[in-house]
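J.: Sequence and predicted structure, then a few things I'm wondering about:
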Amino acid sequence: MEKKKIIVVGGGAAGFFCAIQIAELHPHWEISILEKTNKLLSKVKVSGGGRCNVTHACPDIEMLLQKYPRGTRFLKKAFYQFATQNTIEWFKNNSVELHTEKDGRMFPTTNSSDTIIDCFLRKVHQYKIQVLTQHEVLDVQNNNWSTDITEGNENKENKVQKNFSIQLQGREPIQADAICLATGGMLKSDRLKWLTNFGHTIVDPVPSLFTFNTVDKKITTLMGVAVDRASIQWRGNKNFEVGPLLITHWGISGPAAIKLSAWCAREMAATNYEGAIQINWTSNFNESTLKMEWINFRMDFGKREMGSKNPFELPQRLWHFLLGEAGIALNTKWADLKSTNQQVLIQLLTRTTLDIKGKTTFKEEFVTCGGVDLKDIDAQTMESKLVPGLHFAGEMMDVDGITGGFNFQHAWTSGWLAAQHMAGQ
């Protein structure tokens, strides 16, 4: 039986998953994972605050596709082969049960990322997959041909080389029949210059999934205040997100803000992260509908002091802050509120505008927007259209999702597809 040698470059989620899938199909093959650092599965370790947000409970593929600012069309064919349900079943078959939180995020029932890491390490040990740390790839050469016949010995058989020769930092080259590149985000795109030598295009990488640094620091006096349901929008951009927002010592964070950053990643990078966000703290009202509802507030709470009666279920510190910004004393009766102050308060509630300068990135949420251009990759096999035998998995492609387990789902899907093709299925 033919025994092939497979190299997976990258010791992260996509790389491990790909290597394991190949080994499950061909346990006798020689499979190696090369990792340039001495750390394995580092993003798995810190994801979700150390709990690992494995995927998202979104069985409808069309809805799932809407969670990816870049790569939606590319992923459609991929997700119809391997998506959320397949991920859940694979982990269940490997003794990892997942549970779903109210926002749809799925974690191991242990609420520990070590559960996922231990699962992968068990599989690696089971299939004798070689994991080589501190193996940095400097160059890859395509040897997809036989060496010349030795001169003067024309009856001698050709010495057949492997398809690829991998040059390593300070180590002997490694030969491989097929390669899967799963090196993660590509902020330093020059480190894979040999890819462009093969003809691949790299879409300029920029950060995605980050929080917003506000210019006016008055809002940051409310650090620690969280609103369960608010909407946030980058001014001038049609995209907005609704969900939890958190005020921090540097500005605005929380799931809704981080998701918005994914949709606006390229636009914000182009402005050097300077612009403005608009926040609707009420989410159920806009300026027009709130004006209409205000008549009822005056009637229902007329004799109540505004500082003590908050009809929006906002945190008290935020409510008092907004009253102060509107020039309204806390002991003002609802019935005595002046129309000019009322209008300012309505605007603050439905579209607080905050100037932004800069961003802050959480390491556990770090994702890159950009990478290998998808036009160069077969969406059904993850194989390069330019170099047969060269495959891709995970974040190094120009695909990224919002926060909530969607980037890991892409890692599992692309790793699985690459493995199926490399294994000849």
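T.: Sure, I can see it. Source: prediction; values computed, not measured.
J.: domain ranges for the chain?
T.: 5-206+368-422, 210-360 (automatic domain parsing).
J.: Adding mean neighbour count and mean pLDDT as columns, could you present those in CSV?
T.: Bear in mind the C-beta positions are built from the backbone N, C-alpha and C, glycine included. Converted to CSV, the domains of the chain look like this (neighbours: other Cβ atoms under 10 Å; pLDDT from 0 to 100):
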stretch, mean neighbour count, mean pLDDT
domain 5-206+368-422, 19, 91
domain 210-360, 17, 96
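J.: Three-state assignment for residue 275, please.
T.: Under DSSP: H, G, I helix; E, B strand; the rest coil, residue 275 falls in the strand class.
J.: Is it bridged to anything, and to what?
T.: When assigned by DSSP bridges, residue 275 has beta-bridge partners residue 356.
J.: what sits up against stretch 60-79?
T.: Contacts to stretch 60-79, defined as Cβ atoms under 8 Å, 6 or more residues apart in numbering, come from residues 56, 58, 80, 83-84, 208, 262-263, 265, 369, 374, 377, 379-380, 382, 397-402, 404, 406, 409-410, 413-414, 417.
J.: I'd say residue 53 and residue 46 touch.
T.: No - counting by Cβ atoms under 8 Å, residue 53 sits too far from residue 46 to count as a contact (10.7 Å).
J.: residues shared between the contacts of the two?
T.: In contact with both residue 53 and residue 46: no residue, using Cβ under 8 Å, 6+ apart.
J.: just to revisit the earlier point, just the contacts of stretch 60-79: which are in helices?
T.: Cross-referencing those against helices under DSSP state H gives 84, 262, 263, 265, 406, 409, 410, 413, 414, 417.
J.: which one of these is nearest residue 349?
T.: The closest of the ones in helices among the contacts of stretch 60-79 to residue 349 turns out to be residue 263 (Cβ to Cβ; 23.7 Å).
J.: Please report the distance of the nearest residue to that closest one once chain neighbours are set aside from residue 405.
T.: Once flanking residues are discounted, residue 263 sits nearest to residue 239: 4.0 Å by Cβ to Cβ, 6 or more residues apart in numbering. Distance from residue 239 to residue 405, counting by Cβ to Cβ, to the nearest Å: 20 Å.
J.: the strands in the stretch 51-200 of the chain, which residues?
T.: 55-56, 98-100, 105-108, 130-133, 137-142, 164-168, 171-176, 178-181 (DSSP state E, counting those that start in this stretch).
J.: okay, those in CSV with distance to residue 392 next?
T.: Formatted as CSV, these follow (distance: least, Cβ to Cβ, whole Å):
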stretch, distance to residue 392
strand 55-56, 20
strand 98-100, 26
strand 105-108, 25
strand 130-133, 20
strand 137-142, 13
strand 164-168, 14
strand 171-176, 15
strand 178-181, 5
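J.: Out of those, flag the one nearest residue 197.
T.: strand 137-142 (8.7 Å).
J.: Tell me the bridge partners for residue 279.
T.: Taking DSSP bridges, one obtains residue 232, residue 352 as the residues bridged to residue 279.
J.: mind listing what it touches?
T.: 230, 231, 232, 233, 245, 252, 351, 352, 354.
J.: And for residue 314?
T.: Applying Cβ under 8 Å, 6+ apart to residue 314 gives the contacts 227, 281, 282, 322.
J.: switch the cut-off to 7 Å
T.: Neighbouring residues of residue 314 by Cβ atoms under 7 Å, 6 or more residues apart in numbering: 227, 281.
J.: so which helix or strand takes in it?
T.: Under DSSP states H and E, no helix or strand contains residue 314.
J.: Next, give phi and psi for it.
T.: Torsion angles at residue 314 (phi, psi; degrees, to the nearest 10) stand at phi -80, psi 150.
J.: how near is it to residue 222?
T.: Distance, residue 314 to residue 222, by Cβ to Cβ: 11 Å.
J.: do residue 315 as well
T.: 8 Å.
J.: What of residue 382?
T.: From residue 382 to residue 222 the distance is 46 Å (Cβ to Cβ).
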